[in-house]
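1. Any chance you can model this:
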Amino acid sequence: MVALTQKQREQDAEWMTISDTLRLATRGGAAAAGLTNEIGAIEVGRRADIALVDLSGPHCQPLHDPRAALVYSARASDVVTVLVDGEIVVRDRQLITMDLDEVLADAKDLAHTLVDLSKGGAVQHYAP
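-> The predicted structure follows:
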């Protein structure tokens, strides 16, 4: 999404390349988290964090450039497997390390807590 919005904003189709976008998503994310020496690249000594994405769906076709399909066409539902620090946390598109229903229930409880703490005010403000 960032690649498309920046191209439109800058009125320049080449402003943010696929390589720029992937670098922003990997090394840039690591830098933003303050973890440049631990994540953001597949290198010896770094955490083994990787997502395997199925690009065979019709929305990714024709598959001339897998990187372009990943940036512009892939969806969250295309993520098949995820490893975090070398451990599989998503297998066959299913979260396996925690109970999703429990996580959603906890999030709902926390949302109610935020509303209570806001004393009737807005929990999050959106620009009109």
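2. drop to CA atoms for contacts and neighbour counts, all remaining ones
-> OK.
3. How far does the worst-scoring helix or strand of the chain on mean pLDDT sit from its chain's centre?
-> Least confident helix or strand, the chain: helix 2-10 with a mean of 78, by mean pLDDT, DSSP states H and E. Chain-centre distance of helix 2-10: 18 Å, with C-alpha atoms, centre = their mean, to the nearest Å.
4. can you list contacts of the helix or strand following it?
-> Next in sequence after helix 2-10, counting helices and strands by DSSP states H and E, comes helix 18-23. Residues outside helix 18-23 that contact it (C-alpha atoms under 8 Å, 6 or more residues apart in numbering): Val2, Ala3, Arg67, Ala68, Val71.
5. List the contacts of the second one.
-> With contacts defined as C-alpha under 8 Å, 6+ apart, Ala3 is in contact with Met16, Thr17, Ile18, Thr21, Val71.
6. Next: the first one.
-> Val2 makes contact with Thr21 under the criterion C-alpha under 8 Å, 6+ apart.
7. Go through the longest helix along the chain and flag the buried ones.
-> Identified as the longest helix of the chain according to DSSP state H is helix 100-117. For helix 100-117, a neighbour-count test (16 or more other C-alpha atoms under 10 Å) marks Leu114 as buried.
8. Send me that helix as PDB with only the CA atoms.
-> Extracted in PDB, the C-alpha atoms of helix 100-117 (Å, rounded to 0.1, in the frame of the first residue of the first chain):
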ATOM      1  CA  LEU A 100      -6.800 -17.200  18.300                       C
ATOM      2  CA  ASP A 101     -10.200 -17.100  20.100                       C
ATOM      3  CA  GLU A 102      -8.400 -16.400  23.400                       C
ATOM      4  CA  VAL A 103      -6.300 -13.600  21.800                       C
ATOM      5  CA  LEU A 104      -9.500 -12.000  20.300                       C
ATOM      6  CA  ALA A 105     -11.300 -12.300  23.700                       C
ATOM      7  CA  ASP A 106      -8.400 -10.600  25.400                       C
ATOM      8  CA  ALA A 107      -8.300  -7.800  22.800                       C
ATOM      9  CA  LYS A 108     -12.000  -7.300  23.300                       C
ATOM     10  CA  ASP A 109     -11.500  -7.100  27.100                       C
ATOM     11  CA  LEU A 110      -8.600  -4.600  26.700                       C
ATOM     12  CA  ALA A 111     -10.800  -2.500  24.300                       C
ATOM     13  CA  HIS A 112     -13.400  -2.300  27.000                       C
ATOM     14  CA  THR A 113     -10.700  -1.300  29.500                       C
ATOM     15  CA  LEU A 114      -9.600   1.500  27.200                       C
ATOM     16  CA  VAL A 115     -13.100   2.800  26.900                       C
ATOM     17  CA  ASP A 116     -13.500   2.700  30.700                       C
ATOM     18  CA  LEU A 117     -10.200   4.600  31.200                       C
END
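9. Fine, thanks again, bye for now.
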